[in-house]
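J.: Structure, please.
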Amino acid sequence: MSLSVGDRAPDFTLPGTGDAEYSLSDFAGNPLVIVFYPGDDTPVCTKQLNSYNDGIEQFADLDAQVIGISAQDVTSHEAFSDKHGFAFPLLADVDKEVAGRYGTLGPIGFPRRSVFIVDADGVVRYAHRAIAGLTFRPVKELVAELKKLA
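T.: The predicted model follows:
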């Protein structure tokens, strides 16, 4: 599946940090930044999620929530989140079903570093899928995209 800007974001319900389950519908009414990342405690992912955590007030100022999704289990996510003090939930997509719905799986089944911005009505307004995954979208770019929704 190739999810594009203007498409309705596929719904999901996944377990996550904070001993909770999270669904796309939980975030209805506000913008949502969905960050698909390859792995907990890996160099680029750690740098990426820390940069989003450092910019969390910029997202909050626009009433936007950030969530991270990867294939590790909740135990791994809890340890990763606790280690770095993330102020947003990490969701466990262990079967990669949600990654598949969002079109983030690479040719051999590994999730690609990807970011989607979903508007208050559940429509994708920004989509970026990395090819190599060695870089990530900066907070400044994501905030600029969120400002377009206001």
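
J.: any idea which residue sits dead centre in the chain?
T.: Val35 (1.8 Å; CA atoms, centre = their mean).

J.: what's near enough to touch it?
T.: With contacts defined as CB atoms under 8 Å, 6 or more residues apart in numbering, the neighbours of Val35 are Gln48, Leu49, Tyr52, Val66, Ile67, Gly68, Ile69, Ser114, Val115. Just so you know, the C-beta spots here come from the backbone N, C-alpha and C atoms, and that holds for glycine as well.

J.: and the helix or strand where Glu145 lies, what's its mean pLDDT?
T.: Using DSSP states H and E, Glu145 maps to helix 139-147. Mean pLDDT, computed over helix 139-147, is 97.

J.: Stretch 67-77 too?
T.: On average, the pLDDT along stretch 67-77 is 98.

J.: ok, now stretch 49-60?
T.: Stretch 49-60 comes out at a mean pLDDT of 98.

J.: that older thread, quick check: which helices or strands does the helix holding Glu145 pack against?
T.: Packing contacts for helix 139-147, counted by 3 or more CB pairs under 8 Å, 6 or more residues apart in numbering; DSSP states H and E, involve helix 43-54, helix 56-60, strand 114-118, strand 124-129.

J.: Can I get it as CSV, trimmed to CA atoms?
T.: These are the backbone C-alpha positions of helix 139-147, laid out as CSV (Å, rounded to 0.1, in the frame of the first residue of the first chain):
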residue,chain,number,x,y,z
VAL,A,139,11.8,19.5,14.1
LYS,A,140,11.9,22.8,12.2
GLU,A,141,10.6,21.1,9.0
LEU,A,142,7.8,19.2,10.9
VAL,A,143,6.7,22.4,12.8
ALA,A,144,6.6,24.3,9.5
GLU,A,145,4.3,21.6,8.1
LEU,A,146,2.1,21.7,11.2
LYS,A,147,1.8,25.5,10.9
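
J.: for the spatially closest residue to Thr135 that is not a sequence neighbour, what are its contacts?
T.: Nearest residue to Thr135 in three dimensions, chain neighbours excluded: Val44, at 7.6 Å (CB to CB, 6 or more residues apart in numbering). Val44 sits next to Pro38, Arg113, Gly133, Leu134, Thr135, Phe136 when contact means CB under 8 Å, 6+ apart.
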